[in-house]
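Asks: below are the sequence and a predicted model; questions follow.
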Amino acid sequence: MPPLYDDNKSELSSARGLAVAFRRTVLADAIRIIFGAPFSLKFRYLYCTGRWPKVSRPERFTEKILHRLLCTNDPRFAPLSDKVTVRDYVSSRVGHDVLIPLLGVFEQITPADILALNERVLVLKNNHDCGSASIVDTDEDDLDAVCQRLNANTHKVYGRNFNEYWYQDIAPRIMAERFIGDEDRMPPADYRFNVFNQG
């Protein structure tokens with residue numbers, strides 16, 4: 001019986017996957033540099049969906065997002081995308097009690113900063129990007145590694161590759177929030193609603 005897991009095949013497939021991802025990234029960067037961000041985003045849409053986007057009269061959800069990226073320049077996007085400043089907006093509209101308690105905001109963070117918050121499990125994330133959130137257990141996790149990753153993210157300009165211009169106007173910071181999930185470090189269900197054409 002052949003082994004269920006072959007280290008050599010796994011490494012080979014990982015290397016191929018990295019090579020394919022590298023080629024796609026290089027191709028996407030080349031198209032963006034040569035033809036500009038608008039054409040690059042439309043080409044990416046064609047590549048992913050098999051159809052050219054209707055940007056001027058969007059019909060699909062993805063076309064509406066592309067229209068927003070290419071055809072608007074709204075100064076509200078930056079403060080609404082900043083996870084720290086949007087808290088004031090939410091509080092003024094629906095009340096402070098719906099917000100997850102904020103434990104601290106940092107320009108750079110250290111393990112000592114995390115431990116000083118006196119929370120065994122908490123959420124740390126950058127305010128200016130997507131996907132950086134970490135559920136951190138101060139007793140189990142490598143706090144140096146967590147700090148290093150979050151601090152490094154403060155030097156990255158999020159949104160550049162997808163023409164999300166408003167992210168360049170957000171001052172990068174690191175925020176700590178109280179963890180509201182269960183004992184197994186599972187976050188609560190996340191519901192998102194998309195509203196178009198003023199409801």
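Replies: Great, that's in hand.
Asks: what about the closest residue to Asp129 other than its chain neighbours, how many residues nearby?
Replies: Spatially, and ignoring its direct neighbours in sequence, Asp129 is nearest to Tyr158 (3.9 Å; CB to CB, 6 or more residues apart in numbering). Yep, even glycine has a C-beta here, placed from its N, CA and C like the rest. Applying other CB atoms under 10 Å, we find 19 other residues in the vicinity of Tyr158.
Asks: likewise Phe196?
Replies: Using other CB under 10 Å, Phe196 is surrounded by 8 other residues.
Asks: which residues does it contact?
Replies: Lys64 (CB atoms under 8 Å, 6 or more residues apart in numbering).
Asks: same thing but at 10 Å, please
Replies: Going by CB atoms under 10 Å, 6 or more residues apart in numbering, Phe196 touches Pro58, Phe61, Lys64.
Asks: and the gap between it and Phe162?
Replies: Relative to Phe162, Phe196 is positioned 20 Å away (CB to CB, to the nearest Å).
Asks: Leu102 too?
Replies: Distance from Leu102 to Phe162, by CB to CB: 28 Å.
Asks: tell me the pLDDT of Gly17.
Replies: pLDDT recorded at Gly17 is 62.
Asks: right, I mislabeled it, should have said Ile180
Replies: 93.
Asks: surely it and Ile100 touch.
Replies: Yes - contact status for Ile180 versus Ile100: in contact at 5.9 Å, counting by CB atoms under 10 Å.
Asks: quick check: neighbours shared by these two?
Replies: By CB under 10 Å, 6+ apart, Ile180 and Ile100 have these common neighbours: Val123.
Asks: picking that back up, show me the contacts for the residue nearest to Asp129.
Replies: Ser81, Asn126, His128, Asp129, Cys130, Gly131, Ser132, Glu164, Tyr167, Gln168, Ile170, Pro172.
Asks: does the third one touch Val105 like I think?
Replies: No - His128 is not in contact with Val105 according to CB under 10 Å; the separation is 11.9 Å.
Asks: out of the two, which sits in the busier spot?
Replies: Neighbour totals were compared for His128 and Val105, and His128 leads with 26 against 14 (other CB under 10 Å).
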